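> Sequence first, then the predicted structure, then my questions.
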2 protein chains.
Amino acid sequence: MHTNTNKLAIGIDIGGTSTKFGIVNSKGEILEQNKISSTQHDDINLFIAELYRAINPLIEKYGGKNAIKGIGIGAPNGNFYTGTIEYAPNLIWKGIIPLANLIQNAFNLPTFLTNDANAAAFGEMKYGKAKDIKHFITITLGTGVGSGIVIDGNIVLGHDGFAGELGHTIIRHNGRYHKGTGAYGSLEAYASANGIKQTALELLSSTNNSSLLRNYQPEEITSEIIYNCAIQEDKIAKQVFEFTGEILGEALANFVMFSSPEMVVLFGGIAKAGDLLLIPTQKAMEKNLLPIFKNKVKLVLSNLHESDAAILGASALV
Amino acid sequence: MHTNTNKLAIGIDIGGTSTKFGIVNSKGEILEQNKISSTQHDDINLFIAELYRAINPLIEKYGGKNAIKGIGIGAPNGNFYTGTIEYAPNLIWKGIIPLANLIQNAFNLPTFLTNDANAAAFGEMKYGKAKDIKHFITITLGTGVGSGIVIDGNIVLGHDGFAGELGHTIIRHNGRYHKGTGAYGSLEAYASANGIKQTALELLSSTNNSSLLRNYQPEEITSEIIYNCAIQEDKIAKQVFEFTGEILGEALANFVMFSSPEMVVLFGGIAKAGDLLLIPTQKAMEKNLLPIFKNKVKLVLSNLHESDAAILGASALV
C-alpha cells in the first residue's frame, strides 16, 4: 500500500550560538521545531549525538525514517560540493569537519549541506521577499555576517563551493581587528552582534555624555540592549546603528557593483533593528554607488521569521 | 551560387583614449586592424561618421557587407540588454548613448554591444588563459579599471546588464578623489594609469630622495615612464607598483570572497608591468583572504595582445 512516505524533510541551521532544526512538509510548513546549543561540545561527535537525541523523537513522532526524504543543513563555511565545514571562524569545531557524512551516518538519511547564509537565501527565494527575483543578495546579520548571492536564479557557489563570504570582505583598511579571523577591518568586525557591541563600547568611552547604556556593565551590553536604548531615543545607541549602517551601506554598494542585484535582503538578529539600521544603510549605499546603479536596488528587511527561514532554506536542499 | 558570405565579424573596442577595430574570421584570426581616437568628437554622431570612414574600406576590401555577419562592440558601461552606454565616466559622451542603434544604422549591419571589460573576458575565455575555466574574473587595468566576471561559464550581467563595475568599488574609505565619478577611494583612483601617475607624484613630493622620475616634468610622467624607471631599479618607481599592488590585491581578495573564482586574469596597459605589479598584488591578495580561499586562486597576466583580445572578444558577440 502506498502511504505518505518521503514527504517530509528535516532542516538544520547551525549557527555560532545555537543549532535550530525542524520538520518541514512539502508545502514548506514547519510542523515542529526546536534547538540545542552549538557551543557545548568541543567534540563534533558529541554534538551530533546530542543533535540525534533531540531530532530522533521528532522523526518518530512524524512517522519514522520512512516518512523523511532527507536532511538539509545550513552551516557557516558549509560546502555543498564536499559536504564539509572548513575552518569556520564562528564555530567551535576547527579544521575540516565532514559534517554531511557524520550526520548521514548518525541518522541513516540522505544529507545535504550548504553555507548557512546560502540556506537563508534559498528560504528567501522560495518563501520570502525575493520570491520570483532572479538577482539578489541576502546578508545575514547575527553572530557573524553571512551572505547568499543569487545570480540568474542560482546560488553562487564558485569553483570550490565557498563563494559568498561577504562578511569577510575588507571595508576599512587597517580597521577593527576580528579575533576569529585575524583580519583587520572586515565587514563582520562591524556589522555582527559583537561588532555592534564593540562600536557601542568605543562610543561610550570616547565621550562622557549620558546614555542609557551606562546603566549596564560593558560585558552585559548586547545588540538587543542597544536596540532597546535606541528606540528610547538614546543618542549614543542611535549613533551605534548610524555608524553600523554607514559601513554596511558602503559594503553593500561594493556588492551591488559586482553583481547588480535587483534586491538586497537583510536578515538575522541585527536586522530586527529595522529603520534604525535600514535608513543609514540605504543612505550610505546610494552615496557610494556609481550613477548607473543609483535608486535601483531594493534594500529590504526579510519578512521571514529568522529560524523559520534558515530551517526552511536548509530543508529545501533535500 | 553559395559563396563565403557571413563568415566575418567586425570587433570594435572603444576605450577612453582610442577606439580599436578589426575584421575577424570564424577561426578567431584578426585579418586586419586599425584605430581612431576616442576623444576627437564631442558629438557622438561625428565620432560614428569617422568610425564608418575608417572601417568601411576594410569591409569593401574583404568582400563588402554581404561578407560580414555583424558588428560586436565593447565599450565602458556598455549594456548588452539595451545596446546603450550610460554615464561612462571615462568617455567624453555623457548621459545615455544608444550606441548599438547608431552604429547599426550607420553600417546597416546587426550590432551587439557589451561592457569593454566583459568583451575582454569573452576574449580571455575563448582564446586566452581562461580557456575552459568556468569561474574567473578579468581585471582590465588601463585608462580605467574594468572587470569581466564569469560564473559557471557565463558573463555576469546582473538584473540590468551593468554588473561587473569592480573598478568603482570603494577600497579606501575617504581615500583618493576620482574626478570622473566623484567617489573617494575607489579602486580605479589607484590602479588606473592616472591613479599610478598620481601615486608617483605623491611619493615624489613626500620625499627629497633622488629618483629617475625627477628627470621628467610632473605632467610628462606616464605609467610607461614609471615602469621604465622601475626596471632600472629606481626606488620610488618600484614603490609605486608596490603601493598599487597592495591596494589591488586587497580589492582582489574581496572579489574572490564574493564569487570564489579559480583564476584572476590581469589585462591591459598597466598589467604589462608584470612581476613588478603581480608580486605585491599576489601578496596582498593572499594576506586578506580567509583561510578557505588561501593559495587556491591563480593570479595571472593575460597572454593575449591587448587590442587583439578586446577586438576578438567584441567580435565574439556576433
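Good, I have the coordinates.
> Surely A:Val300 is in a helix?
No - read with DSSP: H, G, I helix; E, B strand; the rest coil, A:Val300 is strand and lies in no helix.
> which residues does it contact?
A:129, A:263-266 (CB atoms under 8 Å, 6 or more residues apart in numbering or on different chains). Every C-beta, even on glycine, is put in place using the N, C-alpha and C of the backbone.
> Compare those and tell me which is most surrounded.
Tallying neighbours with other CB atoms under 10 Å in any protein chain shown puts A:Val265 at the head of the contacts of A:Val300, with 29 neighbours.
> The host helix or strand of that one near chain B at all?
Applying DSSP states H and E as the criterion places A:Val265 in strand A:263-267. No - Strand A:263-267 is not in contact with chain B by CB under 8 Å from any CB of the partner chain; minimum separation 8.6 Å.
> partner strands of that strand, parallel or antiparallel?
Counting by DSSP bridges, the strands paired with strand A:263-267 are strand A:136-141 (parallel), strand A:298-301 (parallel).
> Using PDB, write out every CA atom in the longest one.
It refers to strand A:136-141. Extracted C-alpha coordinates of strand A:136-141, given in PDB (Å, rounded to 0.1, in the frame of the first residue of the first chain):
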ATOM      1  CA  PHE A 136      19.500  39.300  -5.300                       C
ATOM      2  CA  ILE A 137      21.800  39.100  -2.300                       C
ATOM      3  CA  THR A 138      20.900  38.100   1.200                       C
ATOM      4  CA  ILE A 139      23.000  39.500   4.100                       C
ATOM      5  CA  THR A 140      22.600  37.700   7.400                       C
ATOM      6  CA  LEU A 141      23.500  39.900  10.400                       C
END
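> C-terminal to it, what's the next element?
Next along from strand A:136-141, by DSSP H and E: strand A:145-151.
> Show me the contact partners of the strand holding A:Val265.
Outside strand A:263-267, the residues that touch it by CB under 8 Å, 6+ apart are A:120-121, A:124, A:128-130, A:133, A:135-141, A:252, A:255-256, A:277-278, A:281, A:285, A:297-302, A:304, A:306, A:309.
> Stretch A:15-25 now?
Outside stretch A:15-25, the residues touching it (CB under 8 Å, 6+ apart) are A:7-13, A:30-39, A:47, A:51, A:54-55, A:58-59, A:62, A:68, A:76, A:90-91, A:116, A:142-144, A:307-308, A:310-312, A:315.
> mind checking how far the helix or strand containing A:Val256 is from the chain centre?
Using DSSP H and E, A:Val256 sits in helix A:235-259. Its chain's average C-alpha position is 17 Å from that of helix A:235-259, according to CA atoms, centre = their mean, to the nearest Å.
> who's in contact with the residue of the stretch 201-318 of chain A found nearest chain B?
Proximity of the stretch 201-318 of chain A to chain B (CB to the nearest CB) peaks at A:Ser260, 2.4 Å away. A:Ser260 makes contact with A:135, A:293, B:156-164 under the criterion CB under 8 Å, 6+ apart.
> again, only this time at 7 Å
If you count contacts by CB atoms under 7 Å, 6 or more residues apart in numbering or on different chains, A:Ser260 has them with A:135, A:293, B:158-160, B:162-163.
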